[in-house]
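K.L.:
sequence and predicted structure, then a few things I'm wondering about:
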Amino acid sequence: MVTSNKSNELVMVEKAYVNWVKMHASSKQPVFKKAKNKLKPCLNIKVSKKPRLGDFATLQKAINAVPAINLCRVVIFIGAGTYREKVEIPNTKAYMSLIGAGADKTIVEWDDTADRTGQSGRKLGTFASATFAVNSPYFIAKNITFKNNAPSPPSGALGKQAVALRISADKAAFIGCKFVGAQDTLYDHLGRHYFKDCYIEGSVDFIFGNGLSYYKDCHLHAISNSYGALTAQKRDSFLQETGFSFVNCKITGSGALYLGRAWGTFSRVVFSYTYMDKIITSRGWYNWGDKNREILTAIVFVFAYAAGAAGAVDGAERGRGLDKGMMHGFKQGSLVSGDHHKKASL
């Protein structure tokens, strides 16, 4: 059974999370459906590598045991250990919380790549290469490492996308988690997402997709031996309310790193109060070979007053210009309003 302290903590996290969601409740994308969150856990499940200490020995079996069209908060506690399995949460199993024993202790890993042949006899593609895939809303993960063990591909290699985690649902939160891979580590696919105190490692486009996501106090680490890219945001329309916002983060690593590549014609990524190591290219961003995206995109706005931007992009911003009013709005989280999360006791 979950302890009262842990129950109270989950409720506090959930309430702060719901407040953040309400701050951006005007989203018009079809994926954003109205639903009432469930705050109080009604079912607790334990997963452990030691059979006597858990209800299940694998994470997927624990997820499979949750009733379809789940209507209450289910908390799955995952004991220490490396769980080598490919995991997927279907869209019929909402309100799931996964709590690890610590990001360095609870690890979920696999090694699929986009060019690997799946059970259907076809190539998996980037979407299906994920070690861990979430398709249900109101998901929470805390203190877990999600890892794709596929080796880092040489420059220019094709079909080597290797996703550690894909989130394709609305209203998800990740606290104290690690996402480890090389090319395409974190597929921030669709929906509103909150990342707090997370570590994200990769080489090329290692945070990518068309989510509306807020990254707070995260560590972004590049492992490229040549040129790499941190983000590839896929906002394809000026009317789409999507984009990535990074606040109080730090960027470290190796190689020469673009802060972003304009995967979408109207890509939007914002960095504020972010430390940048001496690996950021002076150009800052790449137009994906399409000069039109230099006019239409707002791929990267970098606030030059970010603390310790030793090797940061030249100038106050890259992409289209920001006046002081717009800059203030992005700093305060107008792109993805997450201030209410500061109240969460994590």
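P.N.:
That came in fine, so what should we check first?
K.L.:
where do the helices sit along the stretch 101-250 of the chain?
P.N.:
Ranges of helices within the stretch 101-250 of the chain are 125-128, based on DSSP state H, counting those that start in this stretch.
K.L.:
where does pLDDT dip in the protein?
P.N.:
1-39, 294-346 (pLDDT under 70).
K.L.:
how's it carved up into domains?
P.N.:
36-156, 203-333 (the TED database).
K.L.:
and those, which is most packed in?
P.N.:
For those, the largest average neighbour count (mean count of other CB atoms under 10 Å) is found in domain 203-333, namely a mean of 20. The C-beta positions use only the backbone N, C-alpha and C, and glycine is treated the same way.
K.L.:
so the most far-flung residue of the chain relative to its centre, which of the three states?
P.N.:
The outermost residue of the chain relative to its centre, with distances by CA atoms, centre = their mean, is residue 52 at 33.3 Å. Secondary structure of residue 52, reduced to three states by DSSP: H, G, I helix; E, B strand; the rest coil: helix.
K.L.:
would you mind measuring from it to residue 220?
P.N.:
According to CB to CB, to the nearest Å, residue 52 and residue 220 sit 40 Å apart.
K.L.:
and the longest strand for this structure?
P.N.:
Secondary structure of the chain per DSSP state E: the longest strand is strand 219-233.
K.L.:
list the pairing partners of that strand within its sheet, with orientation.
P.N.:
If you go by DSSP bridges, strand 219-233 pairs up with strand 199-202 (parallel), strand 204-209 (parallel), strand 250-261 (parallel).
K.L.:
as TSV, those with distance to residue 102 would be great.
P.N.:
TSV is the format used below for the strands paired with strand 219-233 (distance: least, CB to CB, whole Å):
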stretch	distance to residue 102
strand 199-202	12
strand 204-209	23
strand 250-261	21
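K.L.:
which residues touch the nearest residue to residue 231 once chain neighbours are set aside?
P.N.:
Ranked by CB to CB, 6 or more residues apart in numbering and with sequence neighbours excluded, the top spatial neighbour of residue 231 is residue 260, at 4.1 Å. Counting by CB atoms under 8 Å, 6 or more residues apart in numbering, residue 260 touches 229, 230, 231, 232, 233, 267, 269, 284, 285, 286, 299, 300.
K.L.:
and the fourth one, what is it in contact with?
P.N.:
Meaning residue 232. Contacts for residue 232 were tallied using CB under 8 Å, 6+ apart; they are 205, 207, 208, 209, 260, 261, 262, 263, 267.
K.L.:
test of understanding: give the bridge partners of it.
P.N.:
Residues in a beta bridge with residue 232, per DSSP bridges, are residue 208, residue 261.
K.L.:
ok so, going back, looking at the contacts of residue 260, which is nearest residue 67?
P.N.:
Taking CB to CB as the measure, residue 67 lies nearest residue 233 of those, at 35.8 Å.
K.L.:
that closest one contacts residue 266, correct?
P.N.:
No - between residue 233 and residue 266 there is no contact under CB atoms under 8 Å: 9.1 Å.
K.L.:
would you map the strands across the stretch 201-346 of the chain?
P.N.:
Ranges of strands in the stretch 201-346 of the chain, per DSSP state E, counting those that start in this stretch, are 204-209, 212-216, 219-233, 243-247, 250-261, 268-272, 275-276, 285-286, 298-302.
K.L.:
so which of those strands gets nearest residue 95?
P.N.:
strand 212-216 (20.0 Å).
K.L.:
which elements pack onto the closest one?
P.N.:
In terms of contacts (3 or more CB pairs under 8 Å, 6 or more residues apart in numbering; DSSP states H and E), strand 212-216 is packed against strand 192-196, strand 243-247.
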